[in-house]
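K.L.:
with the sequence up front, the predicted model follows.
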Amino acid sequence: MSPVLIVLGVLFLFVVIIGLWVVGVYNGLVTLRNRFKNAFAQIDVQLKRRYDLIPNLVEIAKGYLKHERETLEAVIKARNIAAAAAQAAAANPADGNAVRGLMSAEAGLGGALSRLMVVSEQYPDLKANQNMMQLTEELTSTENKISFARQAYNDSVMTYNTRRETFPTVVIAGAFGFQPAELFKIEDPTERNAPKVQFS
């Protein structure tokens, strides 16, 4: 066998191995990206559930909080902003701006809900209302589910970002346009706890 054929054979084998490695890295990044998108979908399910509960909560509170219209309107407005932001983020969880917009909208909604709960504490009849107690219990349960889903999402994002940023994967990620994913974190320390929605 001639030396030229041996060199060509070795080069061909080298190109095949590099090609298979690139395909493996690319497929691994796609898998990790799909995992964090799926994890975000779980957050989205719980957020939609919460957004569906809030109008019912406000409707019950309306009868008791006649003088607190501003608070009720602020909750509905914050809910609508958060729902729109969640829809934008759900359309592309890999878009860092959309996820940051959702985090900001969620912080606003959390603050509005907290104000509603503080105000409703001043109305014993509202606190004793069975529908209100049931809704607040469901809302608390949903808040807990959101926290768990957010943790799973953040774990998936961390795994993806770590893989994406390590060498030599970073070369492949850059060449194929794999952007870093945004963690779903809460910036305001007062928002680190779920809104207190229990009546006792």
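P.N.:
Thanks, I have it.
K.L.:
what sits against Ala86?
P.N.:
44, 47-48, 51, 102, 105 (CB atoms under 8 Å, 6 or more residues apart in numbering). Glycine gets a C-beta too; all of them are placed from N, C-alpha and C.
K.L.:
which SSE is it in?
P.N.:
Using DSSP states H and E, Ala86 sits within helix 69-91.
K.L.:
please state the offset of that helix from the chain centre?
P.N.:
Computed by CA atoms, centre = their mean, to the nearest Å, the chain-centroid distance of helix 69-91 equals 15 Å.
K.L.:
ok so, going back, can you flag which of the contacts of Ala86 belong to helices?
P.N.:
44, 47-48, 51, 102, 105 (DSSP state H).
K.L.:
a markdown table please, covering the contacts of Ala86 and showing neighbour count.
P.N.:
Shown next, in a markdown table, are the contacts of Ala86 (neighbours: other CB atoms under 10 Å):
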| residue | neighbour count |
| --- | --- |
| Asp44 | 19 |
| Leu47 | 26 |
| Lys48 | 15 |
| Tyr51 | 17 |
| Leu102 | 26 |
| Ala105 | 22 |
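K.L.:
which is the succeeding secondary structure element to the worst-scoring helix or strand of the chain on mean pLDDT?
P.N.:
Ranking every helix and strand in the chain by mean pLDDT, DSSP states H and E puts helix 124-128 at the bottom, with a mean of 83. Where DSSP H and E defines the elements, the next helix or strand beyond helix 124-128 is helix 130-165.
K.L.:
could I get the buried residue list for the helix or strand that that next one is followed by?
P.N.:
Reading on from helix 130-165 to the C-terminus, the next helix or strand found by DSSP H and E is helix 169-175. For helix 169-175, burial by neighbour count (16 or more other CB atoms under 10 Å) applies to 169, 172-173.
K.L.:
thinking again about what came up before, just send the ones in helices among the contacts of Ala86 back as CSV, with pLDDT and distance to Met117 too.
P.N.:
Output for the ones in helices among the contacts of Ala86, formatted as CSV (pLDDT from 0 to 100; distance: CB to CB, whole Å):
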residue, pLDDT, distance to Met117
Asp44, 95, 24
Leu47, 95, 19
Lys48, 96, 21
Tyr51, 95, 17
Leu102, 95, 22
Ala105, 95, 19
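K.L.:
redo these as JSON lines? Include distance to Ser2.
P.N.:
JSON lines is the format used below for the ones in helices among the contacts of Ala86 (distance: CB to CB, whole Å):
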{"residue": "Asp44", "distance to Ser2": "62"}
{"residue": "Leu47", "distance to Ser2": "67"}
{"residue": "Lys48", "distance to Ser2": "68"}
{"residue": "Tyr51", "distance to Ser2": "72"}
{"residue": "Leu102", "distance to Ser2": "64"}
{"residue": "Ala105", "distance to Ser2": "69"}
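K.L.:
from those residues, which is closest to Asn131?
P.N.:
Nearest to Asn131 among these: Tyr51, at 18.2 Å, using CB to CB.
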